[in-house]
Every structure is written in C-alpha cells, then in structure tokens.
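A.B. asks: Turn this into a model:
(3 chains)
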Amino acid sequence: MIMEIDLIFKIAAIGIIVSILNQVLSRSGREEQATMTTLTGLIVVLMMVAQKISDLFELVKRLFDL
Amino acid sequence: MSVFWKTAAGILTAIILWINLNQSNKDTSVLMTLAVCAMTMMAAASFLQPVVSFVDKIQDIGKLDTGLVSTVLKVVGVGIITEIAALICKDAGNESMGKALQFVSAGVVLWISIPVFEKLLALLDKILGGV
Amino acid sequence: MRKFIVLLLMGFFLIQPVSATEFTAPAAPESAQKFMPSEQETFADGLWYIIKSAVSALQPGLADASGICLSLIAIVLLVSILNSFSESSAGVLRLVAAIVIGLLLLEPANSLISLGTNAVIELSEYGKLMIPVMTAAVAAQGGATTSAALYTGTIFFITLLTAFITRFIIPALYIYLCLCVANCALEQDMLKQVRDFVKWLMTWSLKWVLYIFTGYISITGVISGTVDASALKAAKIGISGAVPVVGSILSDAAETILVSAGVMKNAAGVYGIFAVLAICVVPFVQIGAHYLLLKLTSAVSGVFGHKPSAELIQDFSTGMGFALAMTGTACMLLLISLVCYMKMMG
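C.D. replies: Coordinates of the predicted model:
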C-alpha cells in the first residue's frame, strides 16, 4: 500500500511514548536517561522513515530517468 | 481513485497527530512530516507514471531527439524533490538549509541542461553563419 | 518588252523579307517546372492543377511539422506539472523550457525562412526575364510610353524588394526569433519592447513597399495609358486621312497587327502568372502549414497553463507569418505587374 496509515500511527505513538518517558525521567532527576530515551526514539523513527525516503528517491529516479 | 482517497485520509489523520506531537516532541513531528510527504509523493508518482508514459508515446510519434524531452523530465524530477525538501526544512524552522538545497538544485538543473545549451549554440552558429 | 522587263525587275525590289515577331514568356525555373500546368482548358483549371500539385508535395513536411508540435505539447505538459507544483524553481524552469522550445523550433524555422528567401530570389530572377518580354509586347501593341514607365518601376521595385528582404527582413526575422527566446527565458521588459519594435518595423516596411509600388503602378497606368491611347488614335486618323483610297485599309491592317500583338502578350502573361504561382506555391503551402500548426499548438499549450511557453510558440508562429508575408509580397508585386501589362492597351 502506498499510503501506510499504520506507519503514521506508529510514529505518532513512538513520539508520544518518548515524550511521556522524557517528562517522567526528567522529573525524577534522570536527565541523561531522558536524553537517551529521546535519542533512541528519534533513531527508531528515523530508521522507519529512511526506508520510505529511499523508496521515494528510487521511484523518482526511475520515473524521471535521473 | 482509491489511492487518492487513502492519501487524503492519511494526510488528515497525520495532521491531527502532528498537532499533538508538535507540542510535546518536535523532532518526531518533523520526521512524521517527512514520512507523510514521502508517502504522498509516492502516491502522486503512481498518477504521474501514466502521464510520463504518455509523454514518451508522444515523443515516439514525433520521432525526435529523445535528449530534449528527457532533459525536461529530469528537471521536473529534481524540482519536485527540491521543493518538498525545502518546504520540510522551512517547517522544521531552518529555512537557510532549504535555500541552500534550492541553490544546489538550480545548479543541478543548469548542469543537466548543458547539452541543450550546447545544441542551441551549435544551431545559432549554423544559422548566423548562413545569414 | 523593255518596259515590261524593267517593271518586272522593279517588282523584285518590292519583295521584302517578312518575319513575325514572337513574344514568348521565359520558361519557369526547374524547381517550378513540375507544378506548371501543361494542358488545361481554362485559367481556373490551371490554378487548380498548381494547388493540387503543391498540396501533394506538402505531405512529408507536414509529418515532420506534426512531430515537432507533438513534442512541444509534451514539453509544455511536463513544464506545467512542475510549474503548478513549485514556485521556487519557476525562473530556472522558464529558462530550460525556453531553451528547449527554441531548440526544437529554430531549426525548422531556419529551413522555412531559407525556402522563402530562395523563392523571393527566384521570383526576382524570373521577373527580370519576364518583364522585358511583356514590355516589348506592350510596346508592339502601341504602348511605348506605358511599357517603358512600367518596366522602370517594376524592375526597380523587384530589385529593391529582393535586396530589402535579403539584407534587412531576414536578419531582422532571426533577431526577432532570438529575442522571443531570450524574453521567454529571462522575462525582461526591455527585451519585450525591443522584440515588439522589431516586429512592428518588419510589418510596417513590408506594407509600405507594397503600398508605394501599387501607388506607382496606378499613377503610371492612368497617365501613360491615356498618352499612348491618344497617340494611337492620332496615328490611325493620320494614316486614314494621309493615304488616299487605301488609307482606311492600311489603318485597319495596322489595328489587326496591334490586336495580334495583344493576344500574344496575354498568352505570355498567363504563362508568366502560372510560372510565378508555381515558384512560390510550395514555400507558401509549407510555411503556411507550419504557421497554422504552431498556432494550434500554442492554443493547446495555453490550456495547460504554462503561459510563457505558449507565448513563445505563438511568437514562432508569428515569425512564420513574416516569412509568409515576405514571400507573398514578392509574389504579389510580380503578379500585379503582369496583370497591369496584360490589361494595358486592352
């Protein structure tokens, strides 16, 4: 499927969970762990998105003969 | 047409989630924008594919130099990617990166067009030589 | 007996060599020979033959022109897709679209302009052969003053027009086309104004050459025609009155000779008209076909929405119109002269 709505929900869910964990860890004084959690979440989402971007670039290269 | 409806529904869903995510986690919201734009462009490409095939068909009927139409096709491809990337940069709050990318794409477009400029110069030389 | 022999000898001195004068139109150039009608009953049949031959010669060129127009539509379609999507790349896109469209159209435009120029040169050369024949025929019919005046004017204007077209109109046309491409690529007001000025200058100059020539022909025909008619009438009255008994017979015989000269003049004139049409019909039809196809392509391109590209195609169509106009002007000039010669002295 081209438009994967479940991917959007996954990204949103990861973002919300990361932001909640970040707040909880920050308030309990564990700043480094909060930062690590944010970074981990970002990397996980980035890996999910990178595949889509790669697919897009391949499609544009094929379609427009680049 | 189902692709169009799914894409529209996906974008509307994404924007609602984005509004919420943007307040709590701006980084992930930018990545979500990127993912949604990539998927939307792939949906657009599925509609552009027959248009590009039609253009190839017209070119075959015209029996002309394939270089000219393919140059314009490449320029369109570069332009689409640049525009999306520049807008995402702007949304992320870093317009200068977007501008830099637009500058690079202008250079790439001119580089792609060099063979066309050379052909034009050769033709003008031939015409002016005759005149 | 002696008187009889002397009278017989004097009779031999009355036997003069007699020869008929022939006014034959020069043969049409080789390139136009295949379009010349050979056996047609009426003038209209001859014209129809020329048109049919030209249309059948058009077909290969028409296929190429249609191919170019389809490619133009494909390019405008692609450019419109990106243009509607991306405002930031509008400038670069304009530049690339202008260069690509210019490249597609300049080469056929160049060959069509060359076709038109060759037709003008051929018309000029044929005119310089044809006009003296018609001048001699009109002079033989008694129109010495008229034919001399018309000869001077026609040769002067043909030479002037040919030089004007090859040295001014053709370079101006190329400058106009290049300005159109540059204006589309860069969108500068200055370029647009210079382009419009060059266009106006070409239109105005071609129109005025034809106006001045037509005016000269009208005035010469009116003045010289009456002079020659009066001179002829005076001569006829003079012959009838001066020579007793056979004066009227001599006057009628002279009139018969003048009428015969007129018939030969008209025959040569009709051949000349067909030859002129045969020379310029192919360039006319080919340039005209390109002109119409480009107009259609511009209209179709305008629908997609990329206005600068559609305007550039329209400008090239206008350029083709100028090529048509310069060929048409030369053709009209020669045709008007031939018709004036044919109408002169009846």
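
A.B. asks: Let me see the ranges of the strands in the stretch 101-250 of chain C.
C.D. replies: In the stretch 101-250 of chain C, no strands are found when defined by DSSP state E, counting those that start in this stretch.

A.B. asks: And the helices in it?
C.D. replies: C:144-164, C:170-186, C:189-242, C:247-304 (DSSP state H, counting those that start in this stretch).

A.B. asks: what's the offset of the last one from the middle of its chain?
C.D. replies: Right, the one you point to is helix C:247-304. For helix C:247-304, the separation from the chain centroid amounts to 8 Å (computed by Cα atoms, centre = their mean, to the nearest Å).

A.B. asks: Is it in proximity to chain B?
C.D. replies: No: judged by Cβ under 8 Å from any Cβ of the partner chain, helix C:247-304 stays clear of chain B, getting no closer than 11.5 Å. Every C-beta, even on glycine, is put in place using the N, C-alpha and C of the backbone.

A.B. asks: for that helix, packing partners?
C.D. replies: helix C:30-33, helix C:43-85, helix C:90-140, helix C:189-242, helix C:307-343 (3 or more Cβ pairs under 8 Å, 6 or more residues apart in numbering or on different chains; DSSP states H and E).

A.B. asks: Reformat those helices as a markdown table; add mean neighbour count, distance to chain B and mean pLDDT.
C.D. replies: A markdown table is the format used below for the helices and strands packed on helix C:247-304 (neighbours: other Cβ atoms under 10 Å in any protein chain shown; distance: least, Cβ to the nearest Cβ, whole Å; pLDDT from 0 to 100):
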| stretch | mean neighbour count | distance to chain B | mean pLDDT |
| --- | --- | --- | --- |
| helix C:30-33 | 14 | 19 | 72 |
| helix C:43-85 | 18 | 4 | 79 |
| helix C:90-140 | 21 | 5 | 86 |
| helix C:189-242 | 15 | 15 | 76 |
| helix C:307-343 | 22 | 10 | 87 |
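
A.B. asks: Find the centremost residue of chain B, please.
C.D. replies: B:Ile80 (1.2 Å; Cα atoms, centre = their mean).

A.B. asks: does that one sit in a helix or strand, and which one?
C.D. replies: Take DSSP states H and E as the rule and B:Ile80 turns out to sit in helix B:66-91.

A.B. asks: cool, B:Asp56 as well?
C.D. replies: helix B:26-62.

A.B. asks: buried set for that helix?
C.D. replies: For helix B:26-62, a neighbour-count test (16 or more other Cβ atoms under 10 Å in any protein chain shown) marks B:27-45, B:48, B:52, B:55-56, B:58-59, B:62 as buried.

A.B. asks: quick one, which of the helices of the stretch 101-250 of chain C is nearest to A:Phe64?
C.D. replies: helix C:247-304 (18.3 Å; Cβ to Cβ).

A.B. asks: I'd like to know which of the helices of the stretch 101-250 of chain C lies nearest to C:Ala90.
C.D. replies: helix C:170-186 (12.1 Å).

A.B. asks: what inclination does that closest one have with respect to helix C:90-140?
C.D. replies: 160 degrees (axes from the mean of the first three to the mean of the last three Cα atoms, to 10 degrees).

A.B. asks: Are there helices or strands packed against helix C:170-186, and which ones?
C.D. replies: Applying 3+ Cβ pairs under 8 Å, 6+ apart, we find helix C:170-186 packed against helix B:95-130, helix C:90-140, helix C:189-242, helix C:307-343.

A.B. asks: closest one to chain A among those helices?
C.D. replies: helix B:95-130 (8.7 Å; Cβ to the nearest Cβ).

A.B. asks: Which residues of chain A lie near chain B?
C.D. replies: So chain A meets chain B at A:1-5, A:7-9, A:11-12, A:14-16, A:18-19, A:22, A:38, A:41-42, A:45-46, A:48-49, A:52-53, A:55-57, A:59-61, A:63-66 (Cβ under 8 Å from any Cβ).

A.B. asks: change it to 7 Å
C.D. replies: Counting by Cβ under 7 Å from any Cβ of the partner chain, the positions of chain A adjacent to chain B are A:2-5, A:7-8, A:11-12, A:14-16, A:18-19, A:41-42, A:45-46, A:49, A:52-53, A:55-56, A:59-60, A:63-66.

A.B. asks: Now list the buried members of those residues.
C.D. replies: A:2-5, A:7-8, A:11-12, A:14-16, A:18-19, A:41-42, A:45-46, A:49, A:52-53, A:56, A:59-60, A:63-64, A:66.

A.B. asks: So which of those residues belong to helices?
C.D. replies: In helices, judged by DSSP state H, the following of those are found: A:5, A:7-8, A:11-12, A:14-16, A:18-19, A:41-42, A:45-46, A:49, A:52-53, A:56, A:59-60, A:63.

A.B. asks: Could you find the closest non-adjacent residue to B:Pro115?
C.D. replies: Using Cβ to Cβ, 6 or more residues apart in numbering or on different chains and skipping residues adjacent in sequence, the residue nearest B:Pro115 is B:Gly67, 6.3 Å away.

A.B. asks: For residue 27, grab the count of nearby residues.
C.D. replies: If you meant another chain, say so; for now it's chain A. 9 (other Cβ atoms under 10 Å in any protein chain shown).

A.B. asks: Not quite, go with chain C.
C.D. replies: Neighbours around C:Ala27, by other Cβ under 10 Å: 13.

A.B. asks: tell me the SS of it?
C.D. replies: Here C:Ala27 is coil, with the state taken from DSSP: H, G, I helix; E, B strand; the rest coil.

A.B. asks: Can you tell me which residues in chain B are near chain C?
C.D. replies: B:55, B:58-59, B:61-64, B:68-69, B:71-73, B:75-76, B:79-80, B:82-83, B:86, B:102, B:105-106, B:109, B:113, B:116-117, B:119-120, B:123, B:127, B:131.

A.B. asks: Now, of those, which are buried?
C.D. replies: In these, burial by neighbour count holds for B:55, B:58-59, B:62, B:64, B:68-69, B:71-73, B:75-76, B:79-80, B:82-83, B:86, B:102, B:105-106, B:109, B:113, B:116, B:119-120, B:127, counting by 16+ other Cβ under 10 Å.

A.B. asks: contacts with chain A among those residues, please.
C.D. replies: B:73, B:76, B:80.

A.B. asks: Make CSV out of these and add pLDDT.
C.D. replies: Shown next, in CSV, are those (pLDDT from 0 to 100):
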residue, pLDDT
B:Leu73, 82
B:Val76, 83
B:Ile80, 84
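
A.B. asks: Looking at those residues, which one is closest to C:Val6?
C.D. replies: Nearest to C:Val6 among these, with distances taken as Cβ to Cβ, is B:Leu73, at 104.5 Å.

A.B. asks: Make sure the closest one is actually in contact with C:Val79.
C.D. replies: No: using Cβ atoms under 7 Å, B:Leu73 is not in contact with C:Val79, being 10.4 Å away.

A.B. asks: and stretch B:29-39, does that touch chain A?
C.D. replies: Yes: shown here: stretch B:29-39 in contact with chain A (Cβ under 7 Å from any Cβ) through B:29, B:31-32, B:34-36, B:38-39.
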